[in-house]
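In: got a predicted structure here, sequence first:
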Amino acid sequence: MSFFKDALSIFKKSELIFIERVKESAGVYSFLFKKDQDLTWKPGQHGLFTITHKKIKNSTKPLTVASTPSEDVVKVTTKIGDNPSDFKSALLELEAGMKVSMSGPVGSFYLKEEGPALFIAADIGITPFRALVKQIEAEQTNSNKVKLLYLDSQNGHIYKEDFKNVDVEFLTTKEKLLQEVDAFTEQHKDNGQYFIAGPKAEVNMLAEHLKSNHVSKRSIKKDVFMGY
């Protein structure tokens, strides 16, 4: 059913007015846009963003929405290195009042039920979890049943101020991350919900590790960030 919902929602387009750019850490930027009145999404979903102020190759890219609809802004966060793509260069050129186009939202990376949940973020994969945590705070549900594990080997963890009211571990090594994953699975086994987001190699490794801990495939949701 979610496939058909995505197929339909991908035809929904919104024009978003750029507000400002915020540097989160070295090489990581957030871009804030004014939310279209009719635009809504489930925290954890992403949109297909299209550069419209100039012609570039590959002008459309998927970006996770790191904010919730109740915040009244569309916030996306991405890594931008020294030699950015044309798409990311165009993002950096945005000035207040300029517009981008967003199709969607799409994706099923969101909470569907209450109960124990483990959020595992690798590097820039933290973006959907900001929205999910904000949703939990706003609804005042499930907060005591959620644990967030945030791995950043460079210790450049972002959004720290947004995670004050959730059980979170800021980690720098995979060894410590796997120890924390094992502790959660030992307690909750296949009764928990498991969300993993980040670069493909890390997401696949963590999914296989969960399966080796007797967590079924149906209990695992993955959000793979390509190109990092």
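Out: Thanks, I have it. Not measured: the values here are computed from a predicted model. Numbers count the residues shown, from 1 in each chain.

In: what residue of this protein is the furthest out?
Out: Here the chain has its C-alpha centre computed as a mean, and the residue farthest from that point, by Cα atoms, centre = their mean, is K55 with 27.2 Å.

In: which other helices and strands contact the helix or strand hosting L149?
Out: Using DSSP states H and E, L149 sits in strand 146-151. Counting contacts by 3 or more Cβ pairs under 8 Å, 6 or more residues apart in numbering; DSSP states H and E, strand 146-151 packs against strand 117-122, helix 127-139, strand 167-171, helix 174-188. In this view, the C-beta of every residue, glycine as well, is placed from N, C-alpha and C.

In: what mean pLDDT does the third one have?
Out: Spelled out, it's strand 167-171. Summarised as a single mean, pLDDT over strand 167-171 is 97.

In: circling back: okay, angle between the strand holding L149 and strand 167-171 too, please.
Out: Angle of strand 146-151 versus strand 167-171, following axes from the mean of the first three to the mean of the last three Cα atoms, to 10 degrees, is 10 degrees.

In: and strand 146-151, which strands flank it?
Out: Paired neighbours of strand 146-151 in the sheet (DSSP bridges): strand 117-122 (parallel), strand 167-171 (parallel).

In: residues in contact with the residue positioned nearest the centre of the chain?
Out: Computing the C-alpha centroid of the chain and ranking residues by Cα atoms, centre = their mean puts P128 first, at 2.1 Å. Residues touching P128, when contacts are defined by Cβ atoms under 8 Å, 6 or more residues apart in numbering, comprise 43-46, 64, 66, 109, 195, 197, 223.

In: at 10 Å what do you get?
Out: Counting by Cβ atoms under 10 Å, 6 or more residues apart in numbering, P128 touches 43-46, 64-66, 107, 109-110, 119, 121, 195, 197, 221, 223, 225.

In: how about N204?
Out: 196, 198, 222, 224.

In: what is the nearest of the residues you listed to L171?
Out: Within the contacts of N204, distances to L171 taken as Cβ to Cβ reach their minimum at G198, with 12.4 Å.

In: surely the closest one is in a strand?
Out: Yes: per DSSP: H, G, I helix; E, B strand; the rest coil, G198 lies within a strand segment.

In: how close does it get to T64?
Out: G198 sits 11 Å away from T64, going by Cβ to Cβ, to the nearest Å.

In: avg pLDDT for the longest strand seen in the chain?
Out: Ranked by residue count under DSSP state E, the longest strand found in the chain is strand 13-25. Per-residue pLDDT values across strand 13-25 average out to 96.

In: would you confirm that M98 contacts K34?
Out: No: judged on Cβ atoms under 10 Å, M98 makes no contact with K34 at a distance of 11.3 Å.
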